[in-house]
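**Student:** Fold the following, please.
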Amino acid sequence: MEQTLAQYRIFYTVATIGNISRAADELYISQPAISKSIRKLEEALDTILFLRSSRGVTLTEEGELLYQHVKTAFESITFGEERIKKYHELGMGHLKIGTSSTLCKYKLIPCLTRFVSDYPHIRISIECQSSSYTQQLLEKGKIDIGLIGRPISEEHLTFYSLGNIHDIFVASPSYLDNLKLRTDYEDLNPLSSATFMMLDQDNLSRQYIDAHLNRAELQMNNLLEITSMDLLIDFAKIGLGIACVIREFVQTELDQGLLTEVPLSAPIPQREIGLSYSSRFSSPLLNDFIAYFSL
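**Tutor:** Residues are numbered from 1 along each chain as shown. Presented below is the predicted three-dimensional model:
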């Protein structure tokens, strides 16, 4: 299409108003400029678009045909402009978040509660998947931001740290008491007996802990694999075994005495969690969302 949008805007305005003089006032340009633009458009299309008279202009049959298409186009543009204006006035938008179910419950939801209250028109999508899958979604551009552990490779990604978490083993006091009755608990390495509960081996947290236990030459004989952190916590509270959980997420249970930390001879090093996102696709909405994690 060799004709410019400006030419079609002039044609549309003149056709809608039916008068070149009033169209010139509407568009803040001179009448000769309008006449010249219409003449160029007619020459380019090899047709006559308007019939001129002392009372104004009327569309020819070809002009009416073109006008119907141009009218639809400009109405669509106007609608788009109004949508953009409303988008900004109401703070509308779509935010796609990825995280694990554990981090979703303990870190994302408290922040999201405040964010949604202040931005009620934002559409939120949440992918609750493993941290490794979340990172894949980030790299493919299928989500805007991920709440994950610090990735090994941060190429093309920005990482906003939310601090460290600590993996620990916990059990109910009653479980430890019963274990002591069965064995000389004080003389045993806790990892050499009892039932130990951990996340499944596909989980990045489990892989991190396994790597540490192997380096420290700590072994577990009786292992029960659980699919979620919440279940690990619940099973530990009812006395099913010793669970590997995140201290920050069971601090209330520890303070209330519902769970007791079982110390290791080689404590597990802390891990860092945070918000990972592509710096190439940062936006005001994304920046506003990140700010809520520092409140």
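
**Student:** Near residue 47, how many other residues are there?
**Tutor:** Residues near residue 47, counting by other C-beta atoms under 10 Å, number 14. All C-beta spots, glycine's among them, are computed from the backbone N, C-alpha and C.

**Student:** Go ahead and report the secondary structure state at it.
**Tutor:** Following DSSP: H, G, I helix; E, B strand; the rest coil, residue 47 is assigned to coil.

**Student:** got the phi/psi numbers for residue 264?
**Tutor:** phi -100, psi 150 (degrees, to the nearest 10).

**Student:** With adjacent residues omitted, what lies nearest to the most centrally placed residue in the chain?
**Tutor:** Closest residue to the average C-alpha location of the chain: residue 97 at 2.5 Å, with C-alpha atoms, centre = their mean. Take residue 97 and drop its neighbours on the chain: the residue closest to it by C-beta to C-beta, 6 or more residues apart in numbering is residue 126, 5.0 Å away.

**Student:** give me phi/psi at that neighbour?
**Tutor:** Phi and psi for residue 126, reported as degrees, to the nearest 10, are phi -130, psi 120.

**Student:** can you tell me which residues contact it?
**Tutor:** 97, 98, 99, 104, 108 (C-beta atoms under 8 Å, 6 or more residues apart in numbering).

**Student:** Checking my notes, the first one in a strand, right?
**Tutor:** Yes - read with three-state DSSP, residue 97 is one of the residues of a strand.

**Student:** coming back round to it: before we move on, what's the pLDDT of the residue nearest to the centre of the chain?
**Tutor:** What the model reports for residue 97 is a pLDDT of 94.

**Student:** So, low pLDDT: which residues of the protein?
**Tutor:** Within the chain, the stretches with pLDDT under 70 are 1-3, 86-92, 153-155, 183-192, 281, 295.

**Student:** follow-up on the earlier one: with distance to residue 67 as extra columns, can I get the contacts of residue 126 in JSON lines?
**Tutor:** Converted to JSON lines, the contacts of residue 126 look like this (distance: C-beta to C-beta, whole Å):
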{"residue": "97", "distance to residue 67": "46"}
{"residue": "98", "distance to residue 67": "48"}
{"residue": "99", "distance to residue 67": "52"}
{"residue": "104", "distance to residue 67": "53"}
{"residue": "108", "distance to residue 67": "52"}
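
**Student:** Buried subset of those residues, written for PyMOL?
**Tutor:** Buried subset of those, written as a PyMOL selection, criterion 16 or more other C-beta atoms under 10 Å:
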select buried, resi 97+98+99+104+108
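
**Student:** between the contacts of residue 126, which is closest to residue 242?
**Tutor:** residue 104 (25.1 Å; C-beta to C-beta).

**Student:** For the closest one, which non-adjacent residue is closest in space?
**Tutor:** residue 128 (5.5 Å).

**Student:** and if you look at residue 160?
**Tutor:** The shortest distance from residue 160 to any non-neighbouring residue, by C-beta to C-beta, 6+ apart, is to residue 275 (4.3 Å).

**Student:** tally of neighbours for that neighbour?
**Tutor:** Residue 275: 22 surrounding residues under other C-beta under 10 Å.

**Student:** Equivalent analysis for residue 178, please.
**Tutor:** Residues contacting residue 178 under the criterion other C-beta under 10 Å number 14.

**Student:** secondary structure element for it?
**Tutor:** Assigned by DSSP states H and E, residue 178 belongs to helix 173-182.

**Student:** With that, I have no additional questions.
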